[in-house]
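> coords please:
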Amino acid sequence: MIRLDNLTKVFDTPKGAVVAADHINMEVPTGEICILLGPSGCGKTTTLKMINRIVRPTSGKVFIDDEDTSSLDTQTLRRNIGYVIQQIGLFPNMTIEENITIVPKLLGWDKAKYKERARELMRMIALEPDAFLKRYPSELSGGQQQRIGVARALAADPPVMLMDEPFGAIDPINRAVIQDEFLKMQQELKKTIMFVSHDIDEAIKMGDRIAIFRDGHLVQYATPDTLLAAPKDSFVESFLGEDRALKRLNLINVREVVSTNFETVSPRDSLESALQTLDKCGYQHAIVMVNEERQPVGIIPRAVAQVSKGSCHDYAQKVPAVVNVNDDLRKAVSLMLAHDITWLPCVDDEGRLCGHITQRAMTHHLGARFRTQQATAELADPMAEE
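Here you go, the predicted model:
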């Protein structure tokens, strides 16, 4: 959907020419989010702004859906690209409804259509239309204003969106909420998005692909997993941080690691039968007790089953924690550390037990995935053998 072909920007300064973006070549597939990442002054924002011609390229081309945008006039180009900035940029003298509908009005939409579009978008960003549409930006919190900025960018249903550190000015708690809401919207909308960030954790969470810039050059362009497993050089490695292996936990869902080959006991079972099941399955620590709905309602530790007599119901201990199969491994590790355990029951969205996950399984999975990503990166890099 977005293709940059040798895109270059040279600024003339009193001290001479400064190359802000040097022959940038990259493609963003339809429906994906690409994060532009790098230190200040690396060229990521300049590259973004050349796409909608806020900064005019010195040379090179921008293609959107295979169309050379240099053939389009600037107004037409910009009206077909959603744009969100950190400063939000809402018009203070306009209501929220007027802010959201400004581009549809310019495009000649019917009044009833753009008003309904505003209400639809307000519901999408979890703000009640009747409560907010007639307000002015000054009456909203910073986080609410940022959501309106996103809604305005989506108003004319553009295929492409550009976002310049859109959540950077929001406090961490609201930023995480807005990021999650935006990703939920993206699952439905499938926009093609280029997104400037300075936050590696945000990039890993939000991006399908990440482009690392340095001194106007595109150093590496890859999926988050490949980037973390196989950084191209020492600069990328240092930029990602020494904890890059831990960052990969955010990219893997529990369902990729969960073991579905498991045994349980019921409240009616005897401790003797629980111990026999523990031995048969090779469980070292405990077995999960489930109710008739297959929900985990307790655990029977091996130590209890070995020395006690009676039913599981009478001796079951509280389940220390469970993890949803749709959660990422970072949450699983956090729960294990918090409760000083090495395994967790895994449940589905209805709370039914569907397996368990262990520290050892996560370690093996990460190691295998690491080796695969490194091998793939080496095959894709013609300089790898040299």
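
> wait, is residue 55 part of a strand?
No: counting by DSSP: H, G, I helix; E, B strand; the rest coil, residue 55 is not part of a strand but coil.

> from residue 63, how far out is it?
Using CB to CB, to the nearest Å, we find residue 55 at a distance of 17 Å from residue 63. Every residue, glycine included, has its C-beta placed from N, CA and C.

> ok, residue 60 to residue 5 distance?
Distance, residue 60 to residue 5, by CB to CB: 6 Å.

> between these two, which has more neighbouring residues?
residue 60 (18 against 15; other CB atoms under 10 Å).

> mind checking which helix or strand that one is in?
Per DSSP states H and E: residue 60 is located in strand 59-64.

> what's in contact with that strand?
By CB atoms under 8 Å, 6 or more residues apart in numbering, the surrounding residues in contact with strand 59-64 are 1-8, 23-24, 50-51, 68-70, 80-81, 159-160.

> weed out the non-buried ones from those.
Neighbour-count burial (16 or more other CB atoms under 10 Å) applied to the contacts of strand 59-64 gives 1-4, 7-8, 24, 50-51, 69, 80-81, 159-160.

> against residue 331, how distant is the nearest residue to residue 91 once chain neighbours are set aside?
Of all residues not flanking residue 91 in the chain, residue 99 sits nearest, at 5.7 Å (CB to CB, 6 or more residues apart in numbering). Taking CB to CB as the measure, residue 99 falls 37 Å from residue 331.

> ok, residue 22 next?
Taken as CB to CB, the span from residue 22 to residue 331 is 40 Å.

> how is the protein divided into domains?
Under automatic domain parsing, the residue ranges defining each domain of the chain are 2-246, 255-363.

> so which of the ones you listed is nearest residue 375?
Between residue 375 and those, the shortest separation by CB to CB is 8.7 Å, and it involves domain 2-246.

> what's the end-to-end length of the closest one?
Domain 2-246 has an end-to-end distance of 31 Å (CA to CA, to the nearest Å).

> now do stretch 58-74
16 Å.

> again with stretch 38-49
Stretch 38-49 stretches 16 Å from its first residue to its last (CA to CA).

> same deal with stretch 304-312?
10 Å.

> and for stretch 337-344?
Taking CA to CA as the measure, stretch 337-344 stretches 11 Å from start to finish.

> and that stretch, what's buried?
Under 16+ other CB under 10 Å, the buried positions of stretch 337-344 are 341, 343, 344.

> what about the spatially closest residue to the last one that is not a sequence neighbour, how many neighbours?
What that stands for is residue 344. Residue nearest to residue 344 in three dimensions, not counting chain neighbours: residue 323, with 4.8 Å by CB to CB, 6+ apart. Neighbours of residue 323 under the rule other CB under 10 Å: 22.

> follow-up on the earlier one: how about the buried residues of stretch 337-344 in a markdown table, adding secondary structure, pLDDT and distance to residue 164?
Formatted as a markdown table, these follow (DSSP: H, G, I helix; E, B strand; the rest coil; pLDDT from 0 to 100; distance: CB to CB, whole Å):
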| residue | secondary structure | pLDDT | distance to residue 164 |
| --- | --- | --- | --- |
| 341 | coil | 91 | 43 |
| 343 | strand | 91 | 44 |
| 344 | strand | 93 | 39 |
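
> check these against residue 327 and report the nearest one.
When the buried residues of stretch 337-344 are compared for distance to residue 327 (CB to CB), residue 344 wins out at 9.8 Å.

> need the worst-confidence member of the buried ones among the contacts of strand 59-64.
Across these, the smallest pLDDT goes to residue 80, namely 85.

> quick one: contacts for that one?
Per CB under 8 Å, 6+ apart, neighbours of residue 80: 64, 156, 158, 159, 160.

> what's the single longest helix in this structure?
Longest helix of the chain, by residue count under DSSP state H: helix 359-380.

> contacting residues around residue 306?
residue 275.

> cutoff 10 Å now
Counting by CB atoms under 10 Å, 6 or more residues apart in numbering, residue 306 touches 271, 274, 275, 278.

> so it versus residue 358, what's the distance?
Residue 306 is 21 Å from residue 358, by CB to CB.

> of residue 99 and residue 331, give the one with the bigger neighbour count.
residue 99 (24 against 16).

> per-residue confidence for the more buried one?
According to the prediction, residue 99 has pLDDT 92.
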